[in-house]
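> What shape does this take:
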Amino acid sequence: TLRLEPADVSLQRRGARHWLDLRVGVGGAASGSFRLRAEMGGLAGDMAVTDGRAYVTAREVVGAGVPLGPFVFGGGLDGELWLRWKDGRITRVHGTVDGRGELQRADAQTGLVLDALHLSGVMQRTAGGWMAGLDSLRAESGERLWRLDRALLQRSGDTLALTGGLIDLPRFGPVAALMASPQNTLATRLASTDPTLRGRDLRLVADLAGTTPRPLRLAAQVDELAWQPDGTLPGLAGATGELRLTEAAASFALGGAPHLILDAPRAYAQPLRFDAAQGELTAQWSAAGIDAQLSGFSVRRGTIALAARGRLSRPAGGEPELFIQAGTPQAPAADFFALLPDLGLSPKFIDWGRKAIQAGTLSDVQALLRGDPRRFPFRDGQGQFLGTARFVDVELDYQPGAGWPAVSAGRGQFGLRGPEFYLSLDEGRLLDSRASTVQVRIPDVVLPSKRLLLDGVVDGPAQDVIRFVQQSPLASRFGGRVERLAFDGTASKRA
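You can find the predicted model right below:
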């Protein structure tokens, strides 16, 4: 209940107009002080034909459980409003509101604490509804500051349209959580990914009389789009382009994002950074599940130019399926292993690859992944993972740091089949000898204890046998026995 405190009222009449100055306090469920100064006409007759203007101030208004549509508000507000009315109806409102408190859904326990709230703008009636110009809307919650500036909101019949000049919503998952409900799958998904949206030229149209979920259309020029990983969907940051959204589908056209960061904690220990990204991401969702597609995607990472396409399907109550096909025509051998999922495969294997395959150039690099990403790298036919690359002028240190002579000027191919890594050396040099048909294989790169299998033939000077022993870990056992030996001619050696 509310209780009016003693009021101070002054009413004057000047011709056909009346001037009112009212000061009053409120106690009970809500408390605060109000002042109303108004100029009115037509008070001598029916209130329905009155007209006038007023200036209203509210100071230190504090309350709890104040209904605001589907929400209730508890906290404190200060504000000032300029009103105009005609024929007993308010035709125009202009003012500002500042406050703090908590906003909750009336039908749930979800709440949003606002440390500071500022709203300023103007609203007036139109023939078919109303129109509101928003100068500024700012809300602070913890370290988050959300802004919407220079926006126009218009209702005509059952249609609500919003046009925004500037939108800045960093990590607005708590706002989406406040809106989330069993009927609002979009808000539920946004709440779990805690997205960031910074953009301009926002255009939103919603049908207020539609079915649930209510039809809507949104388009915006995005300066930054980001979201956090949620267990199935990897996180993304730095996306720029054009966003289009409805109640059941979305599309995002990447417009040459200068820096794109992919955060896939199930696959990579650290987020991956890319440059100059382009492509289109689309998604559809319903009670049956989520389906997302990536098409025409191209990106650069250092000197590597990648092209990719993909799809992620997540049926309700079922297992997700991911499909990715990617490739690059050419890449430095030393940079390639940095693109492989170190957590999905093995950090130890990735480190081996970076050190073992040095210098040289890769060509026709192709990768294919299909299956439930939680089962990667797909043993026993649980999915499909293939990666292949040809190489030239590669230096191969097949056991880095162990002191074995490296193969130089290598030519061949390597790849992955599920968890198995293989390397085929068609031709290369080992000391002064020619290495050929060399096969390197790691049966399972994910296992903690890995086996490296090596098989190949080396043809060249016989003296290279002695040099190989002397320049390898074998020197500690056999170096003294062979140091006085010398061979002439050629030899063929198999390892």
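
> how about stretch 161-177: buried residues?
162, 164, 166-177 (16 or more other CB atoms under 10 Å). No exception for glycine: its C-beta is placed from N, CA and C like everyone else's.

> Please apply the same query to stretch 30-44.
So, applying 16+ other CB under 10 Å, buried residues of stretch 30-44: 30-32, 34, 36, 38, 40-43.

> Residues contacting the helix or strand that Asp335 is a member of, please?
Taking DSSP states H and E as the definition, Asp335 sits inside helix 333-336. By CB atoms under 8 Å, 6 or more residues apart in numbering, the residues outside helix 333-336 that reach it are 301-304, 353-354, 357-362, 365, 389, 391, 394.

> re the thing from before, quick one: which of the buried residues of stretch 161-177 is nearest Asp426?
Lowest distance from Asp426 to those (CB to CB) belongs to Arg171, with 52.0 Å.

> burial measure for the closest residue to that closest one other than its chain neighbours, as a count.
Leaving out its chain neighbours, the residue that sits closest to Arg171 by CB to CB, 6 or more residues apart in numbering is Asp194, at 5.1 Å. Applying other CB atoms under 10 Å, we find 20 residues neighbouring Asp194.

> cool, and the one 10 residues further on?
When neighbours are defined as other CB under 10 Å, Leu204 has 17 of them.

> List the beta-bridge partners for it.
Leu162, Leu218 (DSSP bridges).

> contacting residues for it?
When contacts are counted by CB under 8 Å, 6+ apart, Leu204 touches 161-164, 216-218.

> one more time with 10 Å
151, 153, 160-164, 216-220, 245 (CB atoms under 10 Å, 6 or more residues apart in numbering).

> now, which of those sits nearest Pro229?
Leu245 (20.5 Å).

> Can you verify the closest one is assigned to a strand?
Yes: counting by DSSP: H, G, I helix; E, B strand; the rest coil, Leu245 falls inside a strand.

> How many residues are close by it?
Neighbours of Leu245 under the rule other CB under 10 Å: 17.

> Would you confirm that it contacts Gln284?
No: contact criterion CB atoms under 10 Å: Leu245 and Gln284 do not qualify, at 11.4 Å.

> what touches both of the two?
Contact with both Leu245 and Gln284 is made by residues Ser251, according to CB under 10 Å, 6+ apart.

> low-confidence ranges in the stretch 101-250 of the chain?
Residues of the stretch 101-250 of the chain meeting the criterion pLDDT under 70: 108-109, 180-186, 210-214, 232.

> Which parts of it are strands?
111-126, 129-141, 144-156, 159-169, 196-207, 216-227, 235-246, 249-263 (DSSP state E, counting those that start in this stretch).

> Format these as CSV; extra columns: distance to Pro400.
Formatted as CSV, these follow (distance: least, CB to CB, whole Å):
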stretch, distance to Pro400
strand 111-126, 53
strand 129-141, 50
strand 144-156, 46
strand 159-169, 47
strand 196-207, 41
strand 216-227, 37
strand 235-246, 32
strand 249-263, 28
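
> Can you say which of those is nearest to Gln399?
Among the strands of the stretch 101-250 of the chain, if distance is taken as CB to CB, the winner is strand 249-263, at 32.0 Å.

> Each with direction, which strands does the helix or strand following the closest one pair with?
Using DSSP H and E, the helix or strand that directly follows strand 249-263 along the chain is strand 272-286. Sheet partners assigned to strand 272-286 using DSSP bridges are listed as strand 249-263 (antiparallel), strand 289-301 (antiparallel).

> Fine by me, thanks again.
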